[in-house]
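# Okay, sequence plus prediction incoming.
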Amino acid sequence: MLTRTEYCADIQNIKSEFNDIKNTLNEPSGNFFYDPWNIKPEYKNTVWEKLLSTLPVDHGEARVIVMAPGTTYMSHADIDDRYHLSLTGEQSYLIDLDNTKMHLLEQDGYWYEMDAGRLHVASNFGSTDRVQLVVRKLLTPTTMPSLVQVKITPNKETHDQRYKFDNIISPWLNRANKNKSLKDFNYNSNGVTFKTTMSELDSLVVTEDFKIEVESIS
């Protein structure tokens, strides 16, 4: 789930900067998922711009995520893979639930690629804050012909609607993007829309919690 890249950053002596951030370091230049993001004006010429510059690829949203001691996330997957740079922490892990494997997050200065299409959680079992710089990979729009337009919406209101989406549909979305068969993904409060091939869509299995509408594109 985690693979070390060749990209490396100097993460020494940056703890004093944590109080000066407001989570998201950059802003979209166009489409949220497909177009590169630009550093926000308030973070230009700061240590945060310097850290992001050590990731020399076009990328999406960059967030500084602080996880308090003794906390964890709920099980989920994401449509977009991530880059992770671990800044502080002890006994902090990314846990691959699909393969029941724990990955210790070390402050070694290297960026790691994360396969976010696997069901996973992040957990901090230590006594100090876990601080990560997490960057979204951009989605790659398909160039395949003969696509269909798909809309997925909740079939009913439930307390765990987002949880079910992230555990059932997000893994498929991630695979479809990796298979280069996804395009124009978008989401709003009513659900998600995207274009894909019919053969790819055939592999999506959903529960009665969701409604799928499919239209041919002329």
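Thanks, I have the structure now. Numbering: from 1, shown residues only.
# what stretches of the chain score poorly on pLDDT?
Within the chain, the segments meeting pLDDT under 70 span 15-20, 22, 218.
# domains for it, by residue range?
Taking automatic domain parsing as the criterion, the chain consists of the domains 2-136, 147-216.
# Format those as CSV; extra columns: mean neighbour count.
Using the backbone N, CA and C atoms, a C-beta is placed for each residue, glycine as well. Shown next, in CSV, are the domains of the chain (neighbours: other Cβ atoms under 10 Å):
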stretch, mean neighbour count
domain 2-136, 16
domain 147-216, 16
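# Isn't Val121 up against Met67?
No - applying Cβ atoms under 8 Å as the test, Val121 and Met67 come out as separate, 10.8 Å apart.
# Let me know the next secondary structure element after the helix or strand where Leu87 lies.
Using DSSP states H and E, Leu87 falls within strand 82-88. Next along the chain after strand 82-88, taking DSSP H and E as the criterion, comes strand 92-96.
# Can you tell me what sits against that next one?
1-2, 67, 84, 86, 101-105, 114, 118-126, 130 (Cβ atoms under 8 Å, 6 or more residues apart in numbering).
# any idea how far Phe125 lies from Leu119?
19 Å (Cβ to Cβ, to the nearest Å).
# how far is stretch 64-78 from where the chain is centred?
Relative to its chain's centre, stretch 64-78 lies at 12 Å (Cα atoms, centre = their mean, to the nearest Å).
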